[in-house]
Structures are given as C-alpha cells and as structure tokens.
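Q: below are the sequence and a predicted model for it; my questions follow.
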4 protein chains.
Amino acid sequence: MKYILRITCSDQKGLIYKISNVLFEEGFNVERNDEFVDAEKNHFFMRTEFSGDCKVEELKNKLQNILPEDAKLELSLKKVKNVVILVTKEHHCLSDLLIRNEFNEMNFNVLSVIGNYELLKDLTQKFNVPFHYVPAENISREEHQQKIAEILENYDFDYIVLAKFMRILTPEFVKKFKHKIINIHHSFLPAFIGANPYKQAHERGVKMIGATSHFVTDDLDEGPIIYQDIIKVNHSQNAKDLAKLGKEVEKKVLAEALKLVFNDKVFIDENKTVIFE
Amino acid sequence: MKYILRITCSDQKGLIYKISNVLFEEGFNVERNDEFVDAEKNHFFMRTEFSGDCKVEELKNKLQNILPEDAKLELSLKKVKNVVILVTKEHHCLSDLLIRNEFNEMNFNVLSVIGNYELLKDLTQKFNVPFHYVPAENISREEHQQKIAEILENYDFDYIVLAKFMRILTPEFVKKFKHKIINIHHSFLPAFIGANPYKQAHERGVKMIGATSHFVTDDLDEGPIIYQDIIKVNHSQNAKDLAKLGKEVEKKVLAEALKLVFNDKVFIDENKTVIFE
Amino acid sequence: MKYILRITCSDQKGLIYKISNVLFEEGFNVERNDEFVDAEKNHFFMRTEFSGDCKVEELKNKLQNILPEDAKLELSLKKVKNVVILVTKEHHCLSDLLIRNEFNEMNFNVLSVIGNYELLKDLTQKFNVPFHYVPAENISREEHQQKIAEILENYDFDYIVLAKFMRILTPEFVKKFKHKIINIHHSFLPAFIGANPYKQAHERGVKMIGATSHFVTDDLDEGPIIYQDIIKVNHSQNAKDLAKLGKEVEKKVLAEALKLVFNDKVFIDENKTVIFE
Amino acid sequence: MKYILRITCSDQKGLIYKISNVLFEEGFNVERNDEFVDAEKNHFFMRTEFSGDCKVEELKNKLQNILPEDAKLELSLKKVKNVVILVTKEHHCLSDLLIRNEFNEMNFNVLSVIGNYELLKDLTQKFNVPFHYVPAENISREEHQQKIAEILENYDFDYIVLAKFMRILTPEFVKKFKHKIINIHHSFLPAFIGANPYKQAHERGVKMIGATSHFVTDDLDEGPIIYQDIIKVNHSQNAKDLAKLGKEVEKKVLAEALKLVFNDKVFIDENKTVIFE
C-alpha cells in the first residue's frame, strides 16, 4: 500500500530527524521525500511517499506528538482525486479534461460538470459524465452560486475546477470551498485588467501571451499561483488569433497545474505555492 | 552591392506591383522581400533586400513618384549600425554587447559608453571603447540629460541603447532622439509597477519572470515592443535569485531585439512593431 | 471570395514583378504575400492571399505564360481540408484531432478514421465520424495497405494523417499518396533508432525529449520536417513517465504541423519544407 | 559556517532517519535537503545543506559508520570551485565564462585558460587570467595532452571545462581527470554524427537545433548529460546562420550546466546524472 504524508508547520531544528524516526520505527519504506523551508516565513513543508502497512489514525497521532502545535498533517493512501468541473461556454479546457478522464490519464475522476449554459452538455454526455445546467439569468449571483453549491453537496469531491467558468465567485462560495477551487486565468499575472485581455494584448503589441492557473481566494485572480506558461506571438496576429492561441496555452497550463495538484505535490504557503515537482 | 529598401505608407491596391516594377526595370536582383498590411490601420509595410548597381537618390525619386503621399522611404546600403550605450551600475547587458562588438558578431559598432557611475569604465575600456562618466548628482534630470546629449553630438550614431540605464528620460531627450532609443525593461508587460519588480514577483509567487525590449517613447515603459521572453522560476528562489535570473533573460532579450533592429527588420507601427524575422 | 495562390519554380529575375503585374491587372486585392528563394537550389516559392472575382483556369493560364516552364502552380479558393486519419492503439493524437474537428477549430474536416485495431472505434464514433477497422493480422503488409487504399478511394481527401499509426508504409502506398501523408514521429530527429525510443532516452539520461511531424517519403522517418518541439525531463522520470510526457509533445507537435499544412503555408522543397508562418 | 554533505550509496531502509539523526545530535541546522532513489539501480543520493560548527573528519567518520559500505561521502564548506578552461578557436563560451568570472557571478574562479591556438590569448589576458598556449601541431595527440596535463599540475583545480575544445581527449587524459571534465557538445543527443553538425542539420531541414553539456567519459560524447536546450530555426536560415545560432545555445547550455555542477547539485549515476535543482 502506498501512502502520501504531507506536513506543514513552523520550522524548528530536527524536524526531518523526528519525522523520519517515526517512519523508520514503524518499518515503512520511504520512496520519495521532499522538504522545503520558507525561511522568510519560517514555514516547513514536507511530502513523503512511503509504502508499508499503515494504521492511519495511529500514525497521525504519533506524528502529531512530535510536531509543533501548529502542524497541519495530511496522511492518506495515494488516491485518485474526485473533481467537479464548472464551465460557461468555451469548451477547450473541458474537452481536454474529459478526454484525460476518459482514458484515466490524469490522477482524477470527473464526477460531473456544471454549466451556466447548456452549450457543453452534449460534449459532456458523450463521455457519460452528468451535466447540470444552472442558468444564471434573472437571479442574483448569490442565488446562482447557492444553486451550484446545492448540486455540489451531492458529490464527494476533492476539488472544483473552473474550466473557463466566466463568473466571479461570491466570498461565501470561496470561503465554503477554501483551497479546493482551481482556476485558469487568461493571462500571466500581473495582467491586463478588465475585459477582453487578448484585445488589450493585441493593442499593446505584445510579443507573447500567457495563462496562469491558481487557487481561488477572495482576491479576484490573486490566489496562489500553481503554473504559468506563455506562447510567442507576432504583429500578423489579430486579437481573434491571439484569443485562439490563448486557448491552447490555457488548456495546457490548466492540465499541468491539475497534474501537480492531483498528485499532492502542491502546498499552499499563504498567497503562494510550494511545489515538489 | 547589397541594398535594403524599407517602405511604410497607407495601403492601396497594386503597391507590390508598382514597387517591384520599378526594381525590375532598374535590373535589380531581389533577394528577399517581405510585406505586411496592418488592416486595422490600413498601413502597408515592405522590406526588400536587393543587389545591383543603384543610384540611391534617383531610385528614391522614382519610388516616391509611384507611392502614396504619406510614404516613408528608407534606402541604403546594407550597413553596420553605429551605437552609443547608456548604463548605470549593472554590467550584464553591457558586457554582452561589448563582447559581441569585439568579435563583430552583431551588425553593430559600439562608438562609446556613457554612464552616470564610473563602475563600468574599466570593463568598457578593456575593449578599447571610450567611456564617458556623467554623474547625475546635485544636478537636475534636465541638466544631466543635457550633458549626455552634448556628448552624443560628437558621435554619428544610429541608435542609443539603454543597457540598464536606470534613469527616466526627459520628454526633451526622448523627442530629440525619436525612434532611436531602445530600452530593456525588467519584466514582461504589463508589469509590476514601481520599484523592485523582482521583489514584487517573489512576493506574488509567480512561476515565471520575463523581460521586454522596446523603443522608448514619452510613456514610460510603453513604447513599441520589439522582443520579450521569460524564464521559469519556483518557490525555492528568493527575490535575490529572481533578480539574478532576471539578468540572464534581460541580457538575452536585449540582444535578440538589437539583432532585429540592427538588421533593419523592425518597423514602428504607431505604438507597436512590425517585424520581418 | 478569398483565393490562395502558391507558386514553386526555378528562380529568375523579375518573378515578383511579373506575378504581381498579372494580379494587379486583374484587379485583385493582395492581402498577404510571402516569397522565399532557396539560393542553394535556386528554387523560388511564393504564396499569395488575394480577394476578388477570379476565373481560376483563366488566371492559371495567364500566370503559366509568364512563369518558367518548371513552375508548379496551385490556385484555389481558401478552403477547409478533407482528411482521413490512420491510427493503431494510442488515442492521444486522435482525441485531440477529433475535438478540434468537432468544434471546427482547425481548418480541416475529418472524413473518417481507419485503424488496425478496434480500440479507438468508440471514441471516433462518439464524434459521428466513421471508423473502419482493418486488421493487419495474418495478412502481408502489402495486402493490409491495399485494403486501406481501397477504403481511401471512397473519400475525397486532401491529406492522410498518421496519428500514431505504428506500421511502416509500403513504397507503393507512399508513392500513391505522394506529399499527402503527414506523420508524427516520437522523437526529434536525428533520433534514437529502433524500438522504444523513450526507454532509450531514459537509459541515455537525456534532459529533454521531443517529437517531429513530417511528410512521409520512402525513407522511413526521413521526409520533409514540418514542426518539432521538445519538453524538458529529469532524472526522476522513468521510461514510462517519459512515454507519457512524450504523448503530450507528440499531440502538440502534430496539431501545430497540421495547422500549418491545412492553411497552405507549407511548401515541400525536396527533402525540406519552406513554411510561411 | 555553511556545509554541503553529499552521499551516494546503495539504498536501504532508514537511511534518511540515520543520517538526519547524526546531524540532529550534532546540533546542526539543516537548511535544505534533497534525496533521490534510483529504483532501477538501487542507488541512493542525498544532498544536505546545513549550518553549524562542524568538525569535518569527525562527522565523516560518524556518518561512515551508519552508512552502507559502498557509501561515497563528500563533506565540505560551501565553496567556490577552481576551474581551468580549455579552448581552441571559438570565443563564445570562453567570453561568457570570463565575464561571469570577472563579476563573481557563478560560483567559480577561473585559474587559467589553455589553448591550442593563440587566438584567445588577448581576450583571456584582458581579464587578468593566465593563458597557456600549447600548440598541437607536429606532435601526437598523446604528447599534446601530456603537455596540457603538465600545466594542469600547477593548478589546484576542481574542474576542467572544455569551452569548445575541439580535440578528442585521450583515454589517459580522461581517466586521469575522471568526473572532473565538463564538455559542451554542439547538438542535442543523439546527434548528427561526424563533422559540421550544423551543415547536416541544415541539409536535413530540421526546425530546431540544440546543445548538450555533459561530463566527459571514454565514450566520445557519451558521458552523463547535465543540461540540454534547443532553439527553433526555419527554412530561411542557412548552415552558417545555424552555426551562429548554435553558439548562442551552446553558451547558454554550458553556463547552466556549470551553475548546477559548481553548486554541488549534480551527482553522477553511472552514465546519467541526478540533479537537485
């Protein structure tokens, strides 16, 4: 049986020794181990893959005893993540994820897709994934997201993926699903502010465009960044071309970010991430 | 003899035909030809490399006659560009350019270096390039740049390269050397505003940093972009590490931009560039 | 109406003038024009996008008259390319193409998929594309490909895409569909020779892996290269991980190559390509 | 005082615990820790940065006692590496290294440069680095390299860098300086075999060229790879252009490889490297 142990706590001398001591005495086989100390914030991060015969609660207690009081400890079998995807009209990220789900290529399982338009229903159902249509018209943002939250209650999910969900989340929604929502943003950050970033990029005459995947927090587009990438562009491409190219990079960046998160390689360090690639 | 012809004008039907007609009748051998029409602005751009025995003024007249009134026409022997470099304290871009100059590797010739500190004098003089020390202390920005302008008058230069010249240029200076000043900016654009962008990048937890080379206009950091690139970074790098990595990308981006400009491949199209790579 | 004119011929003085003269006299509006001369081989390449009211055969004749005898001339309405895809077992390139086909995102139309296994039948049919199962067992390579050729006769296709078709084509098949077959190769070139390149790459300890898309000619993996790209890897990735990453780069490289070909931007210049991006 | 501890040995259960136990009991402060197990070869690699007051020989003994018999152990103060550079005619890698040396930008100190031509003497001496001219004419390869080896005896160096040293090393030379020689190879690997790889790349019509930095072993160009990168090229670039672009990527790849090695981040794992970036 393979387990993943993830520890975050304030740093102090001997942490690695103490933790590896517990694992050694239990007779586990450590297969991969990563640590990082954020010296500025005095935060310690450790991720260990080990195999053996583990009583999870017992081991957690033993570790809790030797760790600082503020320690956050995750310990579980290496497992496939359950995911609900939220979409609006654009298919490119959803398509990519549905294909990866169909062929079990990314350590995840798509439980359902929720859309505020019906446009992507057919695509979703082709792959035998339930699609929930939750129109946003004529109701408030709060009511709309309340409806989505109610649907989410039916699913035992680990993460919510915003695969081009083009609506701003309410603070209630964000709070309710803290550290569980991952977004793809159509720009590197800092970014052109406001609507139609590809039009702005074109008007500014930039020579590259990018995308950013991040956890969602209350600050719009300001959550911890997981992955970013760019694509080079030139003068001959108009705003529409840039938007099209942008979709390619958005799709790729979201997939790369999710691979990292779904393999438990990403830690949240306040407004940043620590990633053991 | 190899010539480069560069034409910018409002677009109209038959321009390529009319221009190539003139070149054909003169018996020139066209070796490379690039055109672009900015359809949004109705601007036509054409760059032609040809060989033959050319009377420059005569050919210019012939072309002027068949082109729209607003045509801007550059025609000259393919030539090495004369350059003055402005620096402050950081050596990384200057070093790279001095080496390329020493070995004649980039179609340019460094006439001199002007610095507001003496720090880079030794380095410059190693390569037998004159260094002018123009301190900025105790004088106004205008006076300082007036002194630099006076030194520039002694040189027959094509371009001024700001190789990490960390002072804001006055509108007078920019106006005087319109479309002749090339800068390297320590970020992609849009960028973190204000001082110490690498510190801001670190605090924001970005996963890549970049640099932008652009022509200088009155709007600070808003001139036409020539070249941009990025480098990936991660959580383990602190602000100082980012600054160090940033220098690598700055050096590279400036060199790539200058190669394009010095080979007459870059046209300015209002606040953007058209580049025939 | 938008037309694309593509000309290949031996180079001689005045070609651009002569061609643009014809287009001007017909009153066409040239929207984009690219030329290249392969000086080593004395080959001239020209691609022109123009709009207007064009009698195709008449214009072809006029152009043929002013061009060198060896000129090859293609002139047609800008059009969507019809494509048949050949596959074996791996889905990653096919999935990507089926999605792009479904949403009309790449200038092509998938007429059908032919596979030597039935594995990808369901996937293909989800998108209402016919799937032909042509098993290769117990018959010779020639017979097998003869069967495929017979199916192909039912389709009016422009290109055959080998989307991980893992069988070597017979010289007859290649000859029959000369310059119409595009392959994705699991390596940059030159490459590890023989089976299981990702295992070889792992054993050699390379720090990047790549893929190459090329036209198929008689020389196995030696046809004109259209597009190549790489992805960085490290010591922690085993041969299986490399194969997985390789699929990502294969998928991307094939899509980029097809975009170029389907937009008529790729010329074949003996064993190389000339591409007007 | 900052120390770097590097351990390579056959893998067994509890290694991390045992090692961290020793470091904890000595009261050291572990600042960074990286481990990797090559499961195929059962090799364990560990690199630890720690600070404290360390008696090096004593600590080595303590660690040796708890490690498997085959353990190789390096322990030393974090230090600047001493380097001798071997060159032939091309300056691009040497220039880059001399500049980085001059400004103390890469954790190294260039003790001297040895060349089989005098061409790069002036450049080297500009930076007050001794240059040894060892002509290869009219003597055997063995004699030539014997002369170089004699000069090397005068220097207390950690690494020999072949910065475009275009001569094949004798088995004696390689054996004498095992794991201490780093080369930059003008291609990714596998590569075009034989002379003039950029000409071959051009003739093959590749769309990218690359470079590889590796440790030198008896197998020519077959030592453990440290770093590789590529640059995209197109049809308009001739063999000479490719060679010029190749120099840019060679220079960059060598610098990146040396940064990794000089910061003790590279382990040799038979014919591969393990790198803790």
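A: That came through, no problem.
Q: and the helix or strand harbouring residue A:47, how far from the chain's centre?
A: Here residue A:47 sits within strand A:43-51, counting by DSSP states H and E. Taking CA atoms, centre = their mean, to the nearest Å, one finds the center of strand A:43-51 at 19 Å from the center of the full chain.
Q: in chain A, which spans are helices?
A: Assigned by DSSP state H, the helices in chain A fall at A:15-25, A:56-66, A:92-102, A:121-126, A:141-152, A:171-176, A:197-204, A:239-262.
Q: mean pLDDT lowest where, among these?
A: Per-stretch mean pLDDT for those is lowest at helix A:197-204 (a mean of 84).
Q: how about that one and chain B, any contact?
A: Yes - using CB under 8 Å from any CB of the partner chain, helix A:197-204 reaches chain B at A:203-204. Any C-beta I mention is one placed from the backbone N, CA and C, and that applies to glycine too.
Q: among the helices of chain A, which comes closest to residue B:181?
A: helix A:197-204 (18.9 Å; CB to CB).
Q: list the buried ones in the closest one?
A: A:197-202 (16 or more other CB atoms under 10 Å in any protein chain shown).
Q: same check, this time on stretch A:79-94
A: Of the residues in stretch A:79-94, A:81-88, A:90-94 count as buried by neighbour count, 16+ other CB under 10 Å.
Q: how about stretch A:53-64?
A: A:54, A:59-60, A:62-63.
Q: my read: residue A:4 touches residue A:56, true?
A: No - Residue A:4 is not in contact with residue A:56 according to CB atoms under 8 Å; the separation is 11.2 Å.
Q: quick revisit: of the buried residues of helix A:197-204, closest to residue C:156?
A: residue A:198 (36.1 Å).
Q: how much space separates the residue nearest to residue A:15 when sequence neighbours are not counted from residue A:36?
A: Nearest residue to residue A:15, sequence neighbours excluded (CB to CB, 6 or more residues apart in numbering or on different chains): residue A:44, at 5.7 Å. Residue A:44 sits at a distance of 8 Å from residue A:36 (criterion: CB to CB, to the nearest Å).
Q: re the thing from before, how about a markdown table for the buried residues of stretch A:53-64, with distance to residue D:254 added?
A: Shown next, in a markdown table, are these (distance: CB to CB, whole Å):
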| residue | distance to residue D:254 |
| --- | --- |
| A:54 | 46 |
| A:59 | 47 |
| A:60 | 48 |
| A:62 | 49 |
| A:63 | 45 |
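Q: so who does residue A:110 touch?
A: A:83-85, A:97-98, A:101, A:129 (CB atoms under 8 Å, 6 or more residues apart in numbering or on different chains).
Q: and which of those is nearest chain C?
A: Chain C has its nearest neighbour among those in residue A:98, at 8.8 Å by CB to the nearest CB.
Q: hmm, residue A:127 and that closest one touching each other?
A: Yes - counting by CB under 8 Å, residue A:98 does reach residue A:127; the two are 4.7 Å apart.
Q: who has more neighbours, those two?
A: More neighbours surround residue A:98 than the other of residue A:98 and residue A:127, with 24 against 17 (other CB atoms under 10 Å in any protein chain shown).
Q: check the gap between the more buried one and residue A:245 for me.
A: Residue A:98 is 22 Å from residue A:245, by CB to CB.
Q: what's the answer for residue A:205, then?
A: 15 Å.
Q: neighbour count winner among these two?
A: Shown here are residue A:205 and residue A:245; by other CB under 10 Å, residue A:205 has more neighbours (22 against 17).
Q: contacts only, for the more buried one.
A: Contact analysis of residue A:205 by CB under 8 Å, 6+ apart lists A:235, B:224-225, B:269, B:271-273.
Q: got the phi and psi for it?
A: Main-chain dihedrals, residue A:205, degrees, to the nearest 10: phi 70, psi 40.
Q: tell me the confidence at it?
A: pLDDT, read off for residue A:205, is 89.
Q: touching both of residue A:4 and residue A:56, which residues are there?
A: A:75-76.
Q: leaving out chain neighbours, which residue sits closest to residue A:103?
A: Among residues not flanking residue A:103 along the chain, residue C:91 sits closest, at 5.9 Å (CB to CB, 6+ apart).
Q: quick one: that neighbour and chain D, what's the gap?
A: According to CB to the nearest CB, to the nearest Å, residue C:91 and chain D sit 26 Å apart.
Q: show me what contacts that residue?
A: A:99, A:103, C:119-120, C:123.
Q: hmm, back to that, and the buried residues of stretch A:53-64, which is closest to chain B?
A: Nearest to chain B among those, with distances taken as CB to the nearest CB, is residue A:63, at 23.3 Å.
Q: quick one: residue A:117 and residue A:86 touch, right?
A: No - the pair residue A:117 / residue A:86 is not scored as a contact, 11.6 Å apart, by CB under 8 Å.
Q: that older thread, what pairs with the residue nearest to residue A:15 across the strands?
A: Note on residue A:44: beta-bridge partners by DSSP bridges are residue A:9, residue A:37.
Q: burial of it, as a residue count?
A: Residues near residue A:44, counting by other CB under 10 Å: 21.
Q: per-residue pLDDT, residue A:67?
A: 97.
Q: please tell me how far it sits from residue A:60.
A: Distance, residue A:67 to residue A:60, using CB to CB: 10 Å.
Q: between the two, what contacts are shared?
A: Shared contacts of residue A:67 and residue A:60, counting by CB under 8 Å, 6+ apart, come down to residue A:73.
Q: about what we covered before: also near chain D: which of the contacts of residue A:205, exactly?
A: Of the contacts of residue A:205, not one also sits near chain D (CB under 8 Å from any CB).
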